[in-house]
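In: Sequence and predicted structure, then a few things I'm wondering about:
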Amino acid sequence: MKILPILMITLGLVTAYTTLAEQTVNTGGLETIRGASTIDQTRKADRLKRVIKDKNPIKRNYVHQPPVIPHQIRGYRVDTNSNKCLTCHGWKYAAETGATKISLTHYESRDGKTLSEVSPRRYFCSQCHVTQADAPDLVDNTFKPIESLGND
Ligand code: HEC
Ligand code: HEC
């Protein structure tokens, strides 16, 4: 049997198919604020930012703002079995640790009932509270913090 011609035809077909696929598949090329990347490439991850480590609370910018976290939280677990944040910020431990107590709103359920434990909707702290890093703004911003909260 002549194996060589069969092999060559198969190879030719495969090459033609791949070239065709490359031509028809749109790989994205979307421009985002992180830069441009295509879906067929794995973009190099950015370096982690250095999170602010000092312990003084950071001024709030508006009423009802979830205060930002003035310390690092790397390795602080929050899952079904334990919540590291509450071991300092829970009412039971706050006096001892010097951390701000979570406020009453963290005990309120969605329909306004006050519970005896942290409400499930306030259990995953980093959903609303975030650490800070000295990083440039990603987008232009003209927001001004309100004066009555001690901002200049
Ligand atoms: C080891 C204890 C400890 C742990 C654990 C901890 N914190 Fe804190 N946290 C503090 C202390 C102390 C402060 C500063 C309070 C002060 O100086 O008034 C603080 C400040 C804060 C503030 C600012 C409060 C304000 O009034 O501005 C937020 C928000 C916060 N922490 C959130 C968190 C979250 C979310 C976690 C879990 C991911 C966490 N913390 C884990 C001790 C802790
Ligand atoms: C759904 C959003 C949300 C989640 C989740 C949440 N918080 Fe808050 N937190 C807020 C908001 C908004 C405020 C400010 C207004 C208020 O007190 O409700 C606040 C206030 C605080 C304060 C300051 C309280 C004060 O008296 O000034 C601390 C400390 C805090 N949160 C810690 C936590 C911790 C710890 C967790 C996790 C167990 C958590 N928060 C989960 C939204 C949230």
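Out: Received it, and whenever you're ready, just let me know what you need. If you're wondering where the values come from, they're calculated on a predicted model, not measured in any experiment. Ligands and ions are numbered 1, 2, ... in the order given.
In: So Ala99 sits against Leu86, correct?
Out: No. At 9.8 Å, Ala99 does not count as touching Leu86 under the criterion of Cβ atoms under 8 Å. Where C-beta positions appear, they are placed from N, C-alpha and C, glycine not excepted.
In: overlap in contacts of the two?
Out: By Cβ atoms under 8 Å, 6 or more residues apart in numbering, Ala99 and Leu86 have these common neighbours: Tyr93.
In: Show me the domain layout of this protein.
Out: Domains of the chain are assigned by automatic domain parsing as 3-38, 47-135.
In: between these, which gets nearest to ligand 2?
Out: Minimum separation from ligand 2 across the domains of the chain (Cβ to the nearest ligand atom) falls at domain 47-135, 2.9 Å.
In: Quick one: distance of the closest one to the chain centre.
Out: Distance of domain 47-135 from the chain centroid (Cα atoms, centre = their mean, to the nearest Å) equals 15 Å.
In: And for stretch 37-51?
Out: Centroid separation between stretch 37-51 and its chain, computed with Cα atoms, centre = their mean, is 14 Å.
In: Is there any residue in it that contacts ligand 1?
Out: No. Using Cβ under 6 Å from any ligand atom, stretch 37-51 never reaches ligand 1; the gap is at least 11.4 Å.
In: what mean pLDDT would you report for that stretch?
Out: Averaging pLDDT along stretch 37-51 yields 84.
In: With stretch 132-145 instead?
Out: On average, stretch 132-145 scores 90.
In: Kindly report the same for stretch 82-97.
Out: If you average the pLDDT over stretch 82-97, you get 96.
In: Tabulate the CA atom coordinates of that stretch in CSV.
Out: The C-alpha coordinates for stretch 82-97 follow below in CSV (Å, rounded to 0.1, in the frame of the first residue of the first chain):
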residue,chain,number,x,y,z
SER,A,82,-15.1,30.4,60.7
ASN,A,83,-14.9,34.2,60.1
LYS,A,84,-11.5,35.6,60.9
CYS,A,85,-12.8,39.3,60.8
LEU,A,86,-15.3,38.7,63.5
THR,A,87,-12.6,37.4,65.9
CYS,A,88,-11.6,41.1,66.2
HIS,A,89,-14.6,43.1,64.9
GLY,A,90,-17.4,41.1,66.5
TRP,A,91,-18.9,42.7,69.6
LYS,A,92,-17.5,39.9,71.8
TYR,A,93,-13.9,40.7,71.0
ALA,A,94,-13.8,44.3,69.9
ALA,A,95,-13.0,45.9,73.3
GLU,A,96,-10.1,43.5,73.7
THR,A,97,-8.6,43.9,70.2
